[in-house]
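1. Need coordinates for the following:
(chains A, B, C and D)
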Number of protein chains: 2
Amino acid sequence: MYVSARSDYALRAMLAVAAGGGELVKAATLANNQAIPLSFLQGILVDLRRAGLLLSHRGTEGGYALARPADEITVGDVLRAVGGSLTTVRGLPAERAGYQGVASGLRDVWLAVHGAIALVVDRTTLADLLCVPRRPPVDDPLPS
Amino acid sequence: MYVSARSDYALRAMLAVAAGGGELVKAATLANNQAIPLSFLQGILVDLRRAGLLLSHRGTEGGYALARPADEITVGDVLRAVGGSLTTVRGLPAERAGYQGVASGLRDVWLAVHGAIALVVDRTTLADLLCVPRRPPVDDPLPS
DNA sequence: AGTATTCCTATTAAGTTGGTAGGAAGAGTG
DNA sequence: CACTCTTCCTACCAACTTAATAGGAATACT
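-> This next block holds a predicted model:
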């Protein structure tokens, strides 16, 4: 259960763009606003544009803007854009794991985990996260 | 949302030991039973033993056995034994992320994801997984 | 005592991820 | 057109994970 730096940076960048309120935001602004290495961020922004989540504009007054309203982009959309499948087991999507013998039951565990994660990230939009005091609609039941 | 090879192998090995029915199972048997590289598996088995989940015995008739009954070891126990914290963001545990500005809300998302995962893996025991036709007690609501 | 088998540990190679650097292409301005 | 700014793209380096190998330490049997 590892959230990669790419996924984390992508979400922070998307939130910073969303906070710009429709104006074009430059990559350099995002980088030092959220303490993200600029060159690394640029590769992530290309992924987000190719996934249809961001619009880009080159030139002197260039920058990035959301392709859809902030309440129509979910956390899951962003994660899938930069990481492929939402959950992967040893690099493969959870549904094609290929277990044999006594480990057959594991597949269902990963599918259940996948479903539980999807339930959270597909119901939380960028707009939800910009209203800070409100928490996402799942409480955390178990510690550690 | 990445399940490492280490975590996957650890669970498969624990299930194979549990299926041995109290008898000592050799590392080599586990390795070619579940198609795991032997030398890599040995390092994992050491972690599981140090975490108090496995007992080991050396010598001609040596091998590994569960330290507790299979219905008292959860999937979460195994994941924490080999991977430290259950969910990590950029290598750090989810609860110490350190977001600033517009990204503050992200912390709650990861905590919610962490809680949702824990709900699944801490309620599923090795004994549950050995009864194959039964599925873990969470249904998967959303595809992809 | 000796031997075979096994767990255990350290070292090394290959592959992926995180991060950096430089340049090519497009957009505006004079 | 020349110049500047910014996105976009490619190749490159460092660190970690995965994988494989070799040798040492402990146990059991003859």
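2. Listing partners with orientation, what would you give for the helix or strand of chain A with the lowest mean pLDDT?
-> Using mean pLDDT, DSSP states H and E, the weakest-scoring helix or strand in chain A turns out to be strand A:92-93, at a mean of 88. Strand A:92-93 has the following strand partners under DSSP bridges: strand A:88-89 (antiparallel).
3. and the end-to-end length of stretch A:68-83?
-> Its first and final residues considered, stretch A:68-83 spans 20 Å by Cα to Cα, to the nearest Å.
4. List the contacts of it.
-> Stretch A:68-83 is contacted from outside by A:4, A:6-7, A:10-11, A:14, A:18, A:44, A:47-48, A:51, A:53, A:66, A:86, A:118, A:120-130, B:1, B:109, B:144, using Cβ atoms under 8 Å, 6 or more residues apart in numbering or on different chains. Where you see a C-beta, it was placed from the backbone N, CA and C, and this is true even at glycine.
5. List only those of those residues flagged as buried.
-> A:4, A:6-7, A:10-11, A:14, A:18, A:44, A:47-48, A:53, A:66, A:86, A:118, A:120-126, A:128-130, B:1, B:109 (16 or more other Cβ atoms under 10 Å in any protein chain shown).
6. give the contact list for the residue nearest to A:R49 when sequence neighbours are not counted.
-> Counting by Cβ to Cβ, 6 or more residues apart in numbering or on different chains, the nearest residue to A:R49 once its immediate chain neighbours are dropped is A:S56, at 5.2 Å. Neighbouring residues of A:S56 by Cβ under 8 Å, 6+ apart: A:45, A:49, A:62-64.
7. now A:Y64
-> By Cβ under 8 Å, 6+ apart, the contact set of A:Y64 is A:17, A:24-27, A:30, A:45, A:49, A:54-57.
8. Which ones among these also lie next to DNA strand D?
-> When contact is defined as Cβ under 7 Å from any atom of the strand, the contacts of A:Y64 meet DNA strand D at A:26-27, A:45, A:49, A:56-57.
9. The residues you listed in strands, which ones?
-> A:56-57 (DSSP state E).
10. Which one (most neighbours) among the ones next to DNA strand D among the contacts of A:Y64?
-> Neighbour counts for the ones next to DNA strand D among the contacts of A:Y64, by other Cβ atoms under 10 Å in any protein chain shown, peak at A:L45, which reaches 22 neighbours.
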